[in-house]
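In: Sequence and predicted model, in that order:
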Amino acid sequence: MTTLTAPPVRVLKIIPERCTGCLRCELACSYMQTGEYRPAKSVIRVSPFEGHTSYAPYTCTQCAEGWCMTACPVGAITINAVGAKDVVDDTCVGCKLCTIACPYGTMFYDTDTRKAFKCNLCNGAPACAEACPTAAILYEETPTVDWLGDFAQERFEHALALEAR
Amino acid sequence: MARHLIIGGGTAGMNAIRTIREEESERSEITLVSAEKPYSRMVLPYYLDRSIAESHVYTATAKVLAGWGVKAHLGRRAATLDTAANACTLDDGARLEYDDCLIATGSSAVRAPVPGADGGKVHSFWTLDQAKGVLSEIAPGRHVVMVGAGFISFTILNSILALGAKLTVVEIAPRILPRMVDAAGAELVAKWLTEHGVSIRAGAVLTAIEDAKAKKRLRFEKGPDLLADVVIMATGIKTNLEWLNGSGVVVERGIVVDNHLRSSVPNVYAAGDVAQGRDLVTGAPAVHAIEPTAQEHGRVAGANMAGKSIGYKGSLLMNIVEVCHLDIASFGAWDDGEAETVTGLRADRPAYRTLVWRGDRLIGAIILGPSSDIWTTNDIGMLKGLVQSGSPVGRFKAHLARNPFDIKPAYIAARTTNLLLPETVLGRPAKAPGETPVAV
């Protein structure tokens, strides 16, 4: 079988059962990325499940294909020293092709700067993992998997059952 | 040493060249024939509004090409292809022999067939030279009339407004964006544009463009004339294939290619706008003429030319354009009239979604929403992921039918990420743009 991630890289490992929905990761992310406490600029996003009774953070998987990177017509998305796909601001023109190319919904667009932005693993010291008070976000050397799928399915099935009553 | 000939220096050709260098086990000879210096059409709107310099549009300078060890014939066009002799003749008579070649000659703008369509102050917007022509004529207060309300005209709509011009868009179809969004979506966009000062005239059949002192007069089958300072014709494109007559390469709507991007002639590949390859969603042969298809075609063709055997699953039709801070995107079989469809509208935002289903799999989608709304951008990607992966969403489909705006929980709970993580175009992690090996 082909190895899809070039080891050894550290990735954001998410343990959704531990998330309390406190949103500290969003605050920390936005502060690290933009210098402001503006969750609207966070590239990790906490989603509610089961009618807002449980939560889980969701962010870029740093996927092997790098759909954002291969789609960029001007080579403005590259791989940084810690293996994260990262936008080179001076090169990005804001054409948004990366936002339709990324099949995970983890590209963002800043209407002020007219540039795309995304998780760059804070160049090796992810602020979200640092800020998480319950260790729901870890920065570890481990293969990337679908951290949220099983959790979300269970919670969502339950919510659907309630909806159907 | 294997001799690869790349005909066309656009997105498909340049991706092929990079991929050959990434994948080859032995150094090969690469020759590029390109009528223009390689640049990206995607970024021309940002050159038009002067937010980037001309130097920013080029995808490879002569120095970069030399670094990649590419012999470049720039400013030359391929005139004939002799597939029996494995040779291509250029418009200056030069004859280039190859072991395999890639046809990536792209497409050209076409104008509505009306008297005056080729007159002064009437422009196409497709090539860099054409962009320069438009740029030289647009100034604050000038009235620009854009003929055609499709993707191409919408990509430069913001730029024209940013330059201070007044804009009228006329469209022959009964509504705008007929090949990008459905009727309800088009209505929302038309209302939004009207509120932002753009005049729209749909169902308008242009009959002639005449000189009117220093201006242009546009005449229509019905309704009043329009007076314009500048006319931009964004009335479609056609593939650049005439030069292949007599080559033996089978052409339908485009060059027929197999899942290795090979044409009917085994050592001749085709990629991008000229190639008729597999559509990912329908499985049918299609000519997409979009940037992502050109990129993927180019990479797959390049890998196969370098000796790999890479099968291609097919191209996903997709487009995105932003007008006056409203994002408009569509994916896959969004216009499949037979398919089960769910729509959602929030007029106050405004936001709109169309979800098109085959069983419990999404096969197409339309999404409209404000660029400043994070959920617009995130949902754009997740809709793409659902269509691309064909993720069976099972019971979550019922939830999306009730609330087509609540994409994310259904996307995650259907384990779409798990389906997508192993997917790569070339069977290996992609390399960063700067990682292409240079000549030794």
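Out: All right, it came through fine.

In: Would you mind confirming that A:Cys25 is in contact with A:Ile44?
Out: Yes - here A:Cys25 reaches A:Ile44: they are 5.2 Å apart, a contact under C-beta atoms under 8 Å. C-beta: built from backbone N, CA, C; applies to glycine.

In: and the longest helix for chain A?
Out: helix A:149-164 (DSSP state H).

In: if we can go back for a sec, what do A:Cys25 and A:Ile44 both touch?
Out: Common contacts of A:Cys25 and A:Ile44 (C-beta atoms under 8 Å, 6 or more residues apart in numbering or on different chains): A:Pro57, A:Cys128, A:Ile137.

In: what's the helix or strand for the first one?
Out: Under the assignment given by DSSP states H and E, the secondary-structure element containing A:Pro57 is strand A:54-58.

In: who does that strand pair up with?
Out: strand A:45-49 (antiparallel) (DSSP bridges).

In: Show me which positions of stretch B:156-170 end up buried.
Out: B:156-161, B:163, B:165-170 (16 or more other C-beta atoms under 10 Å in any protein chain shown).

In: The lengthiest strand in chain B: what's the following helix or strand?
Out: Longest strand in chain B, counting residues (DSSP state E): strand B:361-370. The helix or strand immediately downstream of strand B:361-370 is helix B:374-389, counting by DSSP H and E.

In: which residues touch B:Cys101?
Out: B:His4, B:Leu5, B:Ile6, B:Ile7, B:Leu81, B:Asn86, B:Cys88, B:Asn267, B:Val268, B:Tyr269.

In: same thing but at 7 Å, please
Out: Contact analysis of B:Cys101 by C-beta atoms under 7 Å, 6 or more residues apart in numbering or on different chains lists B:Leu5, B:Ile7, B:Cys88, B:Val268.

In: so it sits in a helix?
Out: No - using DSSP: H, G, I helix; E, B strand; the rest coil, the assignment for B:Cys101 is strand, not a helix.

In: Is B:Ser389 in contact with B:Asn418, as I believe?
Out: No - using C-beta atoms under 7 Å as the test, B:Ser389 is too far from B:Asn418 to be in contact (9.2 Å).

In: Counting neighbours, go ahead and name the busier of those two.
Out: B:Ser389 (20 against 17; other C-beta atoms under 10 Å in any protein chain shown).

In: List the single closest residue to that one in space, sequence neighbours excluded.
Out: Nearest non-adjacent residue to B:Ser389, counting by C-beta to C-beta, 6 or more residues apart in numbering or on different chains: B:Leu419, 4.3 Å away.

In: what kind of secondary structure is the one you found in?
Out: Applying three-state DSSP: B:Leu419 is helix.

In: and it, how many residues sit next to it?
Out: With other C-beta under 10 Å as criterion, B:Leu419 counts 19.

In: what do you get for A:Ile15?
Out: The burial count for A:Ile15: 17, using other C-beta under 10 Å.

In: which residue packs closest to it, ignoring adjacent ones?
Out: A:Ile15's closest residue in space is A:Ala136 (C-beta to C-beta, 6+ apart), at 5.1 Å.

In: Kindly format the C-alpha coordinates of the helix or strand bottoming out on mean pLDDT in chain A as PDB.
Out: The helix or strand of chain A with the poorest confidence is helix A:149-164; it has a mean of 86 (mean pLDDT, DSSP states H and E). C-alpha atoms of helix A:149-164 as PDB (Å, rounded to 0.1, in the frame of the first residue of the first chain):
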ATOM      1  CA  GLY A 149     -16.800  10.700  11.800                       C
ATOM      2  CA  ASP A 150     -17.800   8.100  14.400                       C
ATOM      3  CA  PHE A 151     -18.500  10.700  17.100                       C
ATOM      4  CA  ALA A 152     -20.600  12.800  14.800                       C
ATOM      5  CA  GLN A 153     -22.500   9.800  13.400                       C
ATOM      6  CA  GLU A 154     -23.500   8.600  16.900                       C
ATOM      7  CA  ARG A 155     -24.500  12.100  18.100                       C
ATOM      8  CA  PHE A 156     -26.300  13.000  14.900                       C
ATOM      9  CA  GLU A 157     -28.200   9.700  14.700                       C
ATOM     10  CA  HIS A 158     -29.500  10.500  18.200                       C
ATOM     11  CA  ALA A 159     -30.600  14.000  17.100                       C
ATOM     12  CA  LEU A 160     -32.300  12.600  14.100                       C
ATOM     13  CA  ALA A 161     -34.200  10.100  16.200                       C
ATOM     14  CA  LEU A 162     -35.400  13.000  18.400                       C
ATOM     15  CA  GLU A 163     -36.300  15.000  15.200                       C
ATOM     16  CA  ALA A 164     -38.400  12.100  13.900                       C
END
